[in-house]
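**Student:** sequence plus the predicted model coming up.
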2 protein chains.
Amino acid sequence: MASLSDIGAAATINLISAITFLIAFGILRLQPFNDRVYFPKWYLKGTRSSPTHSGGAVNKFVNLDCRTYLRFLNWMPAALRMPEPELIQHAGLDSAVYVRIYLLGLKIFVPITVLAFAVLVPVNWTNETLENINDLQFSDIDKLSISNIASGSQRFWAHVGMAYVFTFWTCYVLYHEYKRIACMRLHFLASESRRPDQFTVLVRNVPPDPDESVDQHVEHFFCVNHPDHYLTHQVVYNANSLAKLVLKKKGLQNWLNYYQNKYERNHATKPTTKTGFWGLWGKNVDAIDYYTAEIEKLSKEEAAEREKVTSDPKAIMPAAFVSFRSRWGAAVCAQTQQSSNPTLWLTEWAPEPRDVYWPNLAIPYVSITIRRLIMAVSLFFLTFFFMIPIAMVQSIANLDGIMKVLPFLKPLIEKKVIKSVIQGFLPGIALKIFLILLPTILMTMSKVEGHISLSSLDRRSAGKYHLFVLVNVFLGSIVTGTAFQQLHTFINQSATEIPKTIGVSIPMKATFFITYIMVDGWAGIAGEILRLVPLIMFHLKNTFLVKTDRDREEAMDPGSIDFASSEPRIQLYFLLGLVYAVVTPILLPFIVVFFGFSYMVFRHQIINVYSQKYESGASFWPDVHRRVIIGLIIAQLLLMGLMSTKDAAQSTPLLIALPVLTIWFHRLCKGRFEPAFVKFPLQDAMVKDTLERATEPNLNLRNYLQDAYVHPVFKDDGIDTSPAIDDEEQNLLVPTKRNSRRSTPSLSKMGSERGSDAGV
Amino acid sequence: MASLSDIGAAATINLISAITFLIAFGILRLQPFNDRVYFPKWYLKGTRSSPTHSGGAVNKFVNLDCRTYLRFLNWMPAALRMPEPELIQHAGLDSAVYVRIYLLGLKIFVPITVLAFAVLVPVNWTNETLENINDLQFSDIDKLSISNIASGSQRFWAHVGMAYVFTFWTCYVLYHEYKRIACMRLHFLASESRRPDQFTVLVRNVPPDPDESVDQHVEHFFCVNHPDHYLTHQVVYNANSLAKLVLKKKGLQNWLNYYQNKYERNHATKPTTKTGFWGLWGKNVDAIDYYTAEIEKLSKEEAAEREKVTSDPKAIMPAAFVSFRSRWGAAVCAQTQQSSNPTLWLTEWAPEPRDVYWPNLAIPYVSITIRRLIMAVSLFFLTFFFMIPIAMVQSIANLDGIMKVLPFLKPLIEKKVIKSVIQGFLPGIALKIFLILLPTILMTMSKVEGHISLSSLDRRSAGKYHLFVLVNVFLGSIVTGTAFQQLHTFINQSATEIPKTIGVSIPMKATFFITYIMVDGWAGIAGEILRLVPLIMFHLKNTFLVKTDRDREEAMDPGSIDFASSEPRIQLYFLLGLVYAVVTPILLPFIVVFFGFSYMVFRHQIINVYSQKYESGASFWPDVHRRVIIGLIIAQLLLMGLMSTKDAAQSTPLLIALPVLTIWFHRLCKGRFEPAFVKFPLQDAMVKDTLERATEPNLNLRNYLQDAYVHPVFKDDGIDTSPAIDDEEQNLLVPTKRNSRRSTPSLSKMGSERGSDAGV
């Protein structure tokens, strides 16, 4: 077991690495040529055009003003300065609420930390149980934990009492946060300007009709069943193969640009390429001619495919975006059942156009249930068999174990520095590498499940990732053995035995989790702000591909919050905090630092960097809430298990009430707030409709909605899409594929202003 | 363990008692003076007025025609003869679907029985495992069961295969039945004539408004938010105390009638009564004068209370029945969220007027969640601590056990007849007595939970009762010890150990359950048709209270299907059948006989006797379906447990797939069919609206709906309620309190026709 000084060494290492990252960030962000990496959001908004310094050519790339370096931590107060309403307007509600998850962590854990240090630490510290046991190695951390209290001691009442206080405080904070976010969401929806999705409902599983096309069938059905409200509709084309062609063409275009740039810089040799796979073998040809010809060919194919999709009735999927005259009509249609067969004419509120995940719109109902069964089974296997390598690393990370198995390593390991490094870094990093592989797999699984919006895909992936983190990171770190072995042990253990087994190991793993928090949490967040990968990618692209300003615009990758993997990781910290609050309070400050630091960093990121892919109006909050509750219940069960091994049996009935009350609290909150995240109240719809009718009596809604839900590949067609984009979006213009080619006023303006510092 | 001959004796006893009941029924139902007990439904429908025989005065009471006695089993084919559409029209969809539960039992178990006897019985019988073990007492039943197969035998593949076949067959039947009943429900709703609940939505939790009364607030809210559809509304009065007064007055009226009858028959002595509690002590007074005065006094109180309720704004509850111009408008309002606070303005499809449970209309949201928490905890304690006495009886019922403990009883018990009687009757009857006490408690608990319709109260009570039956009858009979001891054992056992423990006992308890099926099932159903309690009550009332024909009408108690306790009991038979299908197939014929016999009896009852309290359109079917699935999963888990003790470990992975597939099947069915039982599709609403508009363009809907949802006590007021009752209902007139006093045309016609056989 690691001692306090081990922890100190690990903390120092991680602090140094975090501070190094911060200093690197502080320096890099001041360099003008990195400006588009660290402040892309402002470029996208059109408010930032070139670095603030004028002067020599060098100044365009390197900041030589020494005074600015002294204030390299300036971004921190700057990140906190923007008030929340402005933040919502600037970055969207999703992002603003996302950083509130960290704030929620602070709200929960700061008072808990204070209380735990005021009450539990003295209670634990003033015992001498561990010292009285001979032959027991223990560290100072164990002295501060519940392990230091003798079995059957009356002091356990303090822990039971604190468990109640912590539970009530957590629930209190959760309730108020849920209330507040539901309120923010409703206010956000109410104050939003006109958007196509407010009037539109996605209809799926349109039944085939022998006499009518999908187009006519949809029109007739809604004309009959929503006669006063139906306005228009758009059928969904199966344009997946067309989208692939467009993507391929874009890749070839990049290569063409690369070779053209190369040729321009060095007119001596004409660049050549090989025609085989990835240009690695085959005939040598002139690269520029070759790619120009290839693009020509693809353009023809694309045109043919485009023609085919729009004319072939089989390319029309049995789904449609149906728009209504009023928000009221859309809200009604989205919330009601249309047909007596509940698997046909499925309606749901349409996601906003950029949130739609087009390939999944045509999956029939039975297929979806089968896909979900298969994915549930796969998830089970993924969760329980993916673990084997991690457990191996875990067993290595246990130094005492290594020394027993490989005694010849002893002299090496016993060197103070090496020991600390291994103990501080290794377990955390091993886990980290595994976790990086995971989100893509889980996202693919969610896509197979057939969800139709990017936001729901993100939410579902987050759910899967959370299960994985729970089983493999949390349980896997506490109980040795692979997850499958654990599963085997657990199903052969009684319901009361499982919490005991885990509960007993909890205090012993405190050190491990403290280092984990530092490596994954602190250093991870510091790495987050440095944006190393986008930094390198931008400069590579800038060097090889960029010719015009628009190219540079495309090379700039603001990225977005990766909800699917970051949210479950935050949940791990909630879980750790709640589990250790009563058991080993010394872990709490590390959690608090993590939440505080993350809050600041992510606030900076959403202000300056991230550009949202979509806006779902914080519809992920019910998931966040539920997972904190799950963490709370796990903490309560483990405490019960731990207590029952401590001969404090009289406290068990008292502790049983906690999960029951917590589950009840969850149901209360669910009934009270969740509908606000799923349904759109008619009252609010009516208010907005009435207001709009009064202010804009002559609005031509049909024109406005005409092309809102056209598949993105058709938007490149030169169709004028401006009616589909509202005023707010005009400023936010996201450089996704579909609108990057349009030269909108704001983009061209930015281009001309930045003309001075173009080219490398 | 009981042998085949014990079972034979028990079967004989039960068959004799069942046949006795049937003969008694056959004789009693032919007596004209019992006609109102055995055919009340026809009286209520107005199609039956007096016994079919004419003749002397004796003929009015006793049937002397011997030929009719020879055909005493005639009712059986008669019960089966009525085709289903007619049955639905005659008895309502609820009743028609209720008897289909028995039909479902037949559909599932007849083929399973055939298969099991063709495959499993030979496989089991041709082993000699039990005979090869020395010192083991076994019966012929055990020889037919899975116990007769040696551990690790290859013959277990037959059982695994059959488990798959039975599961698929059950799911197949369940799917088709669900589909058919969903279809019947939609057809029923579509073909229903106009009813107030089609246009009406129940709104609860109307928020208080400082400036407006509830009445105005509701009107304004719906005028604004459903401007094109809102028609009218009725507020809900808190008339619970008034209802109590009315009930009390009715009781006094009964006493007055009793004494008046007594006096008429014997003019010599004026009847007296005592003024104290229940007439047991106090001053002696003239009974007729006393009750007349009391009724006078109560009438005044009632008038005052009535005045108070209608004028006091505090008597108006924050709930209202809101009616719409069209079914479409009502369907929309019922399915959508109205306000941004989802705990206010809660809307749901209104139950039909006679289905409303008035006292629960005013419970606020938070109170409901607290009540449900308390009731859930109470249910847990009720389920697990109610068991102690039953377990005592169970241990007595084990004769071999008694003989060991009380050897002096041996000579008595060893007498063949006594042994069979004890083993055949005792365990079943002890359980039965306990179960009779239960439904009332569970119904009270459901009422506390705050459900607002009688049908949902019934459904919720059935759910509680099902849990109770599962834990206490099924598990309690298999595993010895009180339920609490079991619970204690189970939470201290591993997840794999629990099915093993129970699974191993399963084959040994086959005999017990066979006798249980005979006592509770066969004899119980035969008792059901005899209607002993209503028979006695009717004749008592007829003798002492009846003066006029209307009194006799009231004395007639047709009763109704007690869904809350009968449905879970049927589920026990499903469970037993599914559990024993693979293990001890000999039990299956008993189940099949039970289902067949019950089907016939209940079809007879709903045709001739029962009068529904309400019509919910078979909305209980999802519960029935879910519980059969639960039974199926329990059967699969127990089989897995049993197999794993038989060294047939290679079959376990195969068996694990079964519950996974079954749960998936349940989810598929739930998504596919359940909405049809919860929501009302807009398409169907629109079709009915359009049709009605075409056929009755001048309908005054406002008048029609004006008083549909007035509290029953106000309906006695002489308000003309006919617009609220549709044509179909006019014929069905149910003699509940609220309309029993109205002299409707059909009732008075019946009265005059039956004038000849009035009075005793």
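**Tutor:** That came through, no problem. Numbers count the residues shown, from 1 in each chain, chains lettered A, B, ... in the order given.
**Student:** tell me where the stretch 51-200 of chain A has helices.
**Tutor:** A:66-70, A:75-81, A:84-91, A:93-115, A:121-125, A:129-132, A:140-144, A:156-191 (DSSP state H, counting those that start in this stretch).
**Student:** and whichever strand or helix holds A:Thr662, does that touch chain B?
**Tutor:** A:Thr662 is located in helix A:652-673, with elements delineated by DSSP states H and E. Yes - contact of helix A:652-673 with chain B (C-beta under 8 Å from any C-beta of the partner chain) involves A:Val660, A:Trp664, A:Arg667, A:Leu668, A:Gly671, A:Arg672, A:Phe673. Where C-beta positions appear, they are placed from N, C-alpha and C, glycine not excepted.
**Student:** show me what contacts A:Glu567?
**Tutor:** Contact analysis of A:Glu567 by C-beta atoms under 8 Å, 6 or more residues apart in numbering or on different chains lists A:Tyr98, A:Ile101, A:Ala462, A:His466, A:Phe620, A:Asp623, A:Val624.
**Student:** just checking, A:Lys646 touches A:Arg155?
**Tutor:** No - with contact defined as C-beta atoms under 8 Å, A:Lys646 does not reach A:Arg155; the gap is 10.3 Å.
**Student:** joint contacts of those two?
**Tutor:** Shared contacts of A:Lys646 and A:Arg155, defined by C-beta under 8 Å, 6+ apart, comprise A:Ile149.
**Student:** pretty sure A:Phe321 sits in a helix.
**Tutor:** No - secondary structure of A:Phe321 (DSSP: H, G, I helix; E, B strand; the rest coil): strand, not part of a helix.
**Student:** which residues sit in contact with it?
**Tutor:** A:Thr200, A:Val201, A:Leu202, A:Val203, A:His233, A:Gln234, A:Val236, A:Ala350, A:Ala708, A:Tyr709.
**Student:** how about the residue in the stretch 201-350 of chain A positioned nearest to chain B: what's its closest non-neighbour residue?
**Tutor:** Chain B sits closest to A:Pro342 of the stretch 201-350 of chain A, with a gap of 3.7 Å, by C-beta to the nearest C-beta. Closest residue to A:Pro342 apart from its sequence neighbours, by C-beta to C-beta, 6 or more residues apart in numbering or on different chains: B:Pro675 at 3.7 Å.
**Student:** quick check: A:Pro342 is in a helix.
**Tutor:** No - with three-state DSSP as the criterion, A:Pro342 is coil rather than part of a helix.
**Student:** check it and give its pLDDT.
**Tutor:** On pLDDT, A:Pro342 comes in at 77.
**Student:** if I look at the most centrally placed residue in chain A, how far off is A:Gly463?
**Tutor:** Residue closest to the average C-alpha location in chain A (C-alpha atoms, centre = their mean): A:Phe563, at 1.1 Å. According to C-beta to C-beta, to the nearest Å, A:Phe563 and A:Gly463 sit 11 Å apart.
**Student:** would you list the phi and psi of A:Thr272?
**Tutor:** As for A:Thr272, its main-chain torsions (degrees, to the nearest 10) stand at phi -120, psi 160.
**Student:** need phi/psi at the spatially closest residue to it that is not a sequence neighbour.
**Tutor:** Leaving out its chain neighbours, the residue that sits closest to A:Thr272 by C-beta to C-beta, 6+ apart is A:Asn284, at 5.0 Å. Main-chain dihedrals, A:Asn284, degrees, to the nearest 10: phi -80, psi 130.
**Student:** could you count how many residues lie near the residue in the stretch 1-150 of chain A positioned nearest to chain B?
**Tutor:** Distance from chain B to each residue of the stretch 1-150 of chain A (C-beta to the nearest C-beta) is smallest for A:Leu93, at 15.4 Å. Residues lying near A:Leu93 (other C-beta atoms under 10 Å in any protein chain shown) number 23.
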